[in-house]
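K.L.:
Sequence and predicted model, in that order:
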Amino acid sequence: MSATEVLLIDHDEMVLGLLRGSIVGKDPGANVEIARNKTEAYLLFQFQKYQYIFCDYDVLSENDYDLLTHILSSQDKSTKIIVTYYGDPDALNFGAHPTPQLVLPKPIDQRNLSALLAQLLEVGTQNTSADIQLSESTSKQIENTLKELQRTTNARCIIVSNQDGRVLVQQGETENISVDALASLVSGSIMTLEEVGHIFNDPTVINLAFREGAKSDLYVMNIGQRLMLIMIQDKSVISPKLGTVWFYARQTAITIDKLIKDATPLKRAKKSSDKNNTTIVDELEK
C-alpha cells in the first residue's frame, strides 16, 4: 500500500509541528510535507499530488484565492482540503470557489484534531497513541508509582494521558480542573517538541514543557512516544526546586515506560526494530 501523502501549509511553526506530529502519530507511514508560504506550496505541487492538504485560511485567501485556485486545478478531485482558521467560522469566505467541507479552528483542540484524523486516515490496526489499553494490574502499578512521586514532590495532582488527551491514570486532587481539556491542550507542546527532534535528526528521549504560575506550576513530559506525564504543583514554602521535581518526574516517566513495555512484550519486539520509534527505556538500555 502506498504512503498517505499530506501537505501542510502554514506560517506558524507551532501549528505545523502539532499537525505533523499528530498525523504521524496516527499513521506512522504517512509522508508529510510542509510549505510555509505560497511559493513553497507551488513548488511542491509541481512534483506531487496529495490526498490531504491542510492550509491556513489567510494563506489560502491571499490575492483573491489564487492558492485555492491552483490547488483545485493541479490536484486530483479526490484531494481533501482542510482549512485551519482563527475566528468566526461564519466569516470564512471562499469567493466563487466551492467551499471546502472540512475546517479546523485554531488554537487547535487536540481532541478535535484526533477525531478528524481518525476519520480522514481511517487508521485501523496501526499502533497509535489512542490504542493503548492498560490492564487493571498495570494501571494499579502506575497508580502506585504516581503516589510515590506525589509523596516525594508534594504535587497536588499527577496525570498520565495519551497524546490525544485521553486520561488513563490520575492521582491526587483534580477538583475544579478539567483534566481531559488540560491533557488535550498540553499535548500540543509535547508534539511540537517532538518535531524539533526531527530538525536535529536526533530521536527524542525526554521532552519537558514547564509553566510557572503565580500560585502553581505545571510540568509536562513525554512517556515514550505515546503517553504524557502531567503534574501540577502548588507553590508553598516547602515546595521543592524545579530541578528536584524534574529529576523525580523523569525517573517516574522511565518507570512507567518500562511497566508498559513489560506488559506488552509483542509490541516491544515490534518497536525495537523501528529506529524512529525510540523510547526512554530503549535509550537507557544502550
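P.N.:
Cool, got the structure. Just so it is clear, the model here is predicted, and its values are computed rather than measured.
K.L.:
Spell out which helix or strand contains residue 104, please.
P.N.:
strand 102-105 (DSSP states H and E).
K.L.:
Show me what secondary structure element comes after that strand.
P.N.:
Counting by DSSP H and E, the next helix or strand C-terminal to strand 102-105 is helix 110-121.
K.L.:
Which residues does the strand holding residue 104 contact?
P.N.:
54, 80-86, 89, 92, 112-113, 116, 120 (Cβ atoms under 8 Å, 6 or more residues apart in numbering). Just so you know, the C-beta spots here come from the backbone N, C-alpha and C atoms, and that holds for glycine as well.
K.L.:
quick one, what contacts residue 170?
P.N.:
Neighbours of residue 170 in contact, by Cβ under 8 Å, 6+ apart: 146, 157, 158, 159, 160, 179.
K.L.:
how about 10 Å then?
P.N.:
143, 146, 157, 158, 159, 160, 161, 177, 179, 183, 230 (Cβ atoms under 10 Å, 6 or more residues apart in numbering).
K.L.:
Skipping its backbone neighbours, what lies nearest residue 80 in space?
P.N.:
residue 52 (5.2 Å; Cβ to Cβ, 6 or more residues apart in numbering).
K.L.:
how much space between the one you found and residue 258?
P.N.:
36 Å (Cβ to Cβ, to the nearest Å).
K.L.:
Neighbour count for these two, which is higher?
P.N.:
Each of residue 52 and residue 258 has its neighbours counted (other Cβ atoms under 10 Å); residue 52 has more, 20 against 17.
K.L.:
list the contacts for the more buried one?
P.N.:
Residue 52 touches 4-8, 23, 30, 32, 79-82, 102, 117, 120-121, counting by Cβ under 10 Å, 6+ apart.
K.L.:
State the distance from the residue nearest the centre of the chain to residue 121.
P.N.:
Nearest to the geometric centre of the chain sits residue 191, at 4.0 Å (Cα atoms, centre = their mean). Separation of residue 191 from residue 121 (Cβ to Cβ): 16 Å.
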